[in-house]
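> 3D model of this:
(2 chains)
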Number of protein chains: 2
Amino acid sequence: MTPLPIVRSVPVLRVAIAAWRREGLTVGLVPTMGALHAGHLSLVTLIKSRCDRCVASLFVNPKQFAAHEDLGRYPRDEAGDAALLAAAGCDLLFAPPTEVMYPDSFSTSISVGGVSAPLEGEKRPQFFGGVATVVAKLLLQSLPDAAAFGKKDFQQLLVIRKLVADLDMPVEILAGETVRETDGLAMSSRNAYLSAQERAVAGRLNVIMREAVAAIEAGGAIAPALARAEADIRTAGFTGIDYVALHDEAAFEPIGTDALTSPARLLAAVQLGATRLIDNFPVTPDARA
Amino acid sequence: MTPLPIVRSVPVLRVAIAAWRREGLTVGLVPTMGALHAGHLSLVTLIKSRCDRCVASLFVNPKQFAAHEDLGRYPRDEAGDAALLAAAGCDLLFAPPTEVMYPDSFSTSISVGGVSAPLEGEKRPQFFGGVATVVAKLLLQSLPDAAAFGKKDFQQLLVIRKLVADLDMPVEILAGETVRETDGLAMSSRNAYLSAQERAVAGRLNVIMREAVAAIEAGGAIAPALARAEADIRTAGFTGIDYVALHDEAAFEPIGTDALTSPARLLAAVQLGATRLIDNFPVTPDARA
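Coordinates of the predicted model:
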């Protein structure tokens, strides 16, 4: 297989994309932080089902990590990632060094209000500002027809949709389904941190969350279902819970009553030793009928 | 003369620009808040010297006004503006209603650090955030090859250059020279607020600033030159001074010594009754030689 072309500067990226544009080809983008798994690769497949060419970006964005978070140990394997991307049908890898993305004089930030405030926004106050800023840059560097993000990071997906809508970015945002291990654990680059013992515990999160979804969709009261999930998460061996919450998908506000009338999302963030895991599932109101 | 076509929605704007793009034409943008004068029209001329087609936008951006400022009384005359633009060679006017630019759900803001902090940034804390957000939207709505801004709003020009560089917007920012009345008063839509008596006083600002520039370029010490300018401004009949300051053009930091070694800008903001006026002039270090 031909090695995947890798570019590291914005002008060279634009030359490559402009050549495709002159041929009348459409172009899609898959932004990643590397350490790729089948979830990322499914986004390449999604883009290639819609666009003639797929660019993936690989940039571990320091602006979305707080000082105490795992920027320094975040897994990195560019050569391995490039081989996976090529096999998945990706056409070009954009892997800029930090000084290309954030030169010393860099001083602009983007804030997306509303949807970025609760849950991850409360627990990781720097996170969505860093995500919005780097995604805006990546979209403006490549000006793709479409860009794909995973539903695994569901709130992030909503923040990016809001960013793109509010700033009138001419790009379609595609959402990829969460890809799971055989025991249902959502694939995540951070799963690599887990010890064998932790990995066994991690597989319980999705099971507990599915039970809560089933209970709520069967007409059960919401607050007890969430409390039961939290209790089960602790019993399973997780070491901390950031949140287990039910939000409506439109305004992304917590559902405060037991009357589930619109599509909702059950979201959880838990701690397992030194690793933070998140997951989410749709909750469908008319499943009660 | 054919009336200037006016569009009010982003999709219609994009259709018009896409038709030009298909013909291989280049497109430039002149963002305005209307109440056009010869300064704005010179930006249309500047764009038409570089691009095949010129789009002007007319939007009085509420986000760059504070509650106590003059949003409500800001002069508006769309029909008159459209006639002036057509005569100047503009090809299309984009005049969106507020709900197109800021629907109720709008929640994104852009902050440009550094250059936006001093002077106007101190006196009008909401101003540059509002400017950056609306200019980003206008640039992303139209994706022009170039956009033109006047040096009259010199700090704003620097903020926009920084915004475009930091977010990798694929557009060239062109700067238009300040256009002046016969007595040297910088043209401004806000000059329309001045009474006949105030108008006579207003014409003194540029004269006093030019005297300070000449004194500094002749080797005079900076601090006394600025103090003299402030005293002269008060004597002339202005009712308040927000700042009279000398900043270097590169980092836009105040020049704290009397050794002027790089290109600088003398900037002033003054109050005249209910009207706020700003102006600026280049100060050239090697003019001393």
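> I figured A:Ile173 hits A:Ala146, correct?
Yes. A:Ile173 is within contact range of A:Ala146, at 7.4 Å (criterion: C-beta atoms under 8 Å). Heads up, the C-betas are built off the backbone N, CA and C, glycines and all.
> look up how far B:Leu139 lies from the nearest residue to A:Leu25 once chain neighbours are set aside.
Leaving aside its chain neighbours, A:Leu25 sits nearest to A:Asp52 (3.9 Å; criterion: C-beta to C-beta, 6 or more residues apart in numbering or on different chains). Between A:Asp52 and B:Leu139 the computed distance is 26 Å (C-beta to C-beta, to the nearest Å).
> more neighbours, the two?
B:Leu139 (24 against 15; other C-beta atoms under 10 Å in any protein chain shown).
> buried sites along the host helix or strand of A:Leu138?
Secondary structure from DSSP states H and E places A:Leu138 in helix A:127-142. Residues A:127-142 are the ones in helix A:127-142 that count as buried (16 or more other C-beta atoms under 10 Å in any protein chain shown).
> list just the nearest of these to A:Thr2.
Of all the buried residues of helix A:127-142, A:Thr2 sits closest to A:Ser142, with 21.1 Å by C-beta to C-beta.
> quick one: residues contacting that closest one.
Taking C-beta atoms under 8 Å, 6 or more residues apart in numbering or on different chains, we find A:Ser142 in contact with A:13-14, A:17, A:27, A:29, A:55, A:57, A:94.
> again with A:Met209
A:Met209 is in contact with A:229, A:244, A:266, A:268, A:279-281, counting by C-beta under 8 Å, 6+ apart.
> now do it against A:Lys151, distance only.
Taking C-beta to C-beta, one finds A:Met209 at 14 Å from A:Lys151.
> got any residues that touch both of these two?
With C-beta under 8 Å, 6+ apart, A:Met209 and A:Lys151 have common neighbours A:Asn280.
> tally of neighbours for the closest residue to A:Gly113 other than its chain neighbours?
Spatial nearest neighbour of A:Gly113, chain neighbours left out: B:Ser107 (3.4 Å); criterion: C-beta to C-beta, 6+ apart. When neighbours are defined as other C-beta under 10 Å, B:Ser107 has 18 of them.
> quick check, B:Ser107 in contact with A:Ala117.
No. Assessed by C-beta under 8 Å, B:Ser107 is found out of contact with A:Ala117, at 9.2 Å.
> from A:Val27, how far off is the residue nearest to A:Leu25?
According to C-beta to C-beta, A:Asp52 and A:Val27 sit 7 Å apart.
> can you tell me which residues in chain A are near chain B?
Applying C-beta under 8 Å from any C-beta of the partner chain, one finds that chain A approaches chain B through A:10, A:14, A:105-115, A:132, A:136-137, A:140-141, A:143, A:162-163, A:166-170.
> where does chain A have low pLDDT?
A:1, A:258-259, A:286-289 (pLDDT under 70).
> quick check: domain ranges of it?
A:6-176, A:189-280 (automatic domain parsing).
> do you know which of those domains lies nearest B:Leu46?
domain A:6-176 (23.9 Å).
> quick check: end-to-end length of the closest one?
One end of domain A:6-176 sits 24 Å from the other (C-alpha to C-alpha, to the nearest Å).
> go on, stretch A:226-245?
Stretch A:226-245: ends 7 Å apart by C-alpha to C-alpha.
> which ones are touching A:Val207?
Counting by C-beta under 8 Å, 6+ apart, A:Val207 has contacts A:Gly184.
> which SS class is it?
Recorded secondary structure, A:Val207: helix (DSSP: H, G, I helix; E, B strand; the rest coil).
> measure it to A:Gly184 for me?
With distances taken as C-beta to C-beta, A:Val207 is found 6 Å from A:Gly184.
> over to A:Phe94?
As judged by C-beta to C-beta, A:Phe94 and A:Gly184 stand 33 Å apart.
> compare those two (neighbour count), which wins?
A:Phe94 (25 against 16).
> OK, contacts around the more buried one?
Contacts of A:Phe94 (C-beta under 8 Å, 6+ apart): A:6-8, A:13, A:55-59, A:138, A:141-142.
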